[in-house]
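Participant: Coordinates only, no sequence provided:
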């Protein structure tokens, strides 16, 4: 993990992780980003925008997507639903703190309307707050098509917010047979991502993270636990526990490096 004393990289003070569909791996990337920020010495406010039916993950602000149905009765309409997140922007200290938003699946239209109504990119820029949107996709043709559309929409509604594309390999690599539907959609995705920083997120081998997550363990706990403790927590023998720890540590190391590379701001010495 990154040593906060040695990290001089300046990171965006608003980071959102989004994608049109579900099961893209957005929440794991958001959780990992929060850990990367903390390791870099930032104070983190995590905003989870998801259904009340979803098991609550680590977070500071929870916004139920069911509340969008009552938006007409709120000051600001749809923006009023996410007001706790907007309020958190007022507390940001650039270079020292960050708000990370984890958007649940199916919220792309709400997000776009909120961004237009609040002129969020323009407002954040005026406040001196740098911002980045990470759009997540798997190698499924439908996911890639939606990611391409989301990249296009994001550039239209919030041109002042940097964009990044996360290619999540959880369902397989992004290598396709020429002429296939996936190849054609991937080509369009690459075109839309020309102005975005792109990175790959490797798959965690053998369900290694899933079993640890289901045991209620955080990623640092998995990486830093002694084998006896980890074995007991995940109810596996020490050999399997050791393999899980190795896989999770390797995944975190690779993802941390990619996030720091993609998110680092230009001329980014941390103040």
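Facilitator: Here it is on my side, so go on. All values derive from a computational prediction rather than experimental measurement.

Participant: residue contacts, the closest residue in space to residue 209 that isn't next to it in sequence?
Facilitator: Nearest residue to residue 209 in three dimensions, chain neighbours excluded: residue 248, at 5.5 Å (C-beta to C-beta, 6 or more residues apart in numbering). No exception for glycine: its C-beta is placed from N, CA and C like everyone else's. For residue 248, the contacting residues are 204, 208, 209, 212, 219, 222, 223, by C-beta atoms under 8 Å, 6 or more residues apart in numbering.

Participant: and residue 9, what pLDDT?
Facilitator: At residue 9, the pLDDT value in this model is 82.

Participant: What count of nearby residues applies to it?
Facilitator: Using other C-beta atoms under 10 Å, residue 9 is surrounded by 15 other residues.

Participant: So what pairs up with it in the strands?
Facilitator: Residue 9 has the following beta-bridge partners by DSSP bridges: residue 269.

Participant: For residue 239, state which of the contacts of residue 248 is nearest.
Facilitator: The closest of the contacts of residue 248 to residue 239 turns out to be residue 208 (C-beta to C-beta; 12.8 Å).

Participant: Give me the distance between that closest one and residue 250.
Facilitator: 9 Å (C-beta to C-beta, to the nearest Å).

Participant: how about the helices in the stretch 151-271 of the chain?
Facilitator: Counting by DSSP state H, counting those that start in this stretch, the stretch 151-271 of the chain has helices at residues 181-192, 208-214, 219-224, 227-234, 238-263.

Participant: Out of those helices, flag the one nearest residue 31.
Facilitator: So among those, helix 219-224 is nearest, using C-beta to C-beta, at 7.2 Å.

Participant: tell me the average confidence for the closest one?
Facilitator: Taken as a whole, helix 219-224 has a mean pLDDT of 93.

Participant: next one: stretch 36-44
Facilitator: 95.

Participant: how much distance is there from that stretch to the middle of the chain?
Facilitator: When distances are taken as C-alpha atoms, centre = their mean, to the nearest Å, stretch 36-44 is centred 15 Å away from the chain's centroid.

Participant: Ok, stretch 77-90 next?
Facilitator: Relative to its parent chain, stretch 77-90 has a centroid offset of 19 Å by C-alpha atoms, centre = their mean.

Participant: buried ones in it?
Facilitator: Buried residues in stretch 77-90, counted by 16 or more other C-beta atoms under 10 Å: 78, 79, 80, 81, 82, 85, 86, 88, 89.

Participant: who's in contact with it?
Facilitator: 14, 45, 47, 49, 61, 63, 67-68, 70-71, 74, 76, 99, 101, 110, 113-114, 117-118, 124, 127, 129.

Participant: ChimeraX command to pick out the buried ones of those residues?
Facilitator: To isolate in ChimeraX the members of the contacts of stretch 77-90 that are buried, counting by 16+ other C-beta under 10 Å, one can use:
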select :14,45,47,49,61,63,68,71,99,101,110,113,114,118,124,129
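
Participant: circling back to that earlier point, higher neighbour count, residue 208 and residue 250?
Facilitator: Using other C-beta under 10 Å, the more surrounded residue of residue 208 and residue 250 is residue 208, with 23 against 15.

Participant: hmm, back to that, same list as before, the contacts of residue 248 that is, but in a markdown table and with distance to residue 264 included.
Facilitator: Output for those, formatted as a markdown table (distance: C-beta to C-beta, whole Å):
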| residue | distance to residue 264 |
| --- | --- |
| 204 | 24 |
| 208 | 28 |
| 209 | 25 |
| 212 | 29 |
| 219 | 21 |
| 222 | 26 |
| 223 | 23 |
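
Participant: Out of those, who's the most crowded?
Facilitator: residue 212 (26 neighbours).

Participant: residues contacting the nearest residue to that one once chain neighbours are set aside?
Facilitator: With sequence-adjacent residues excluded and distances taken as C-beta to C-beta, 6+ apart, residue 212 is closest to residue 222, at 4.7 Å. Applying C-beta under 8 Å, 6+ apart, we find residue 222 in contact with 209, 212, 230, 244, 245, 248, 249.
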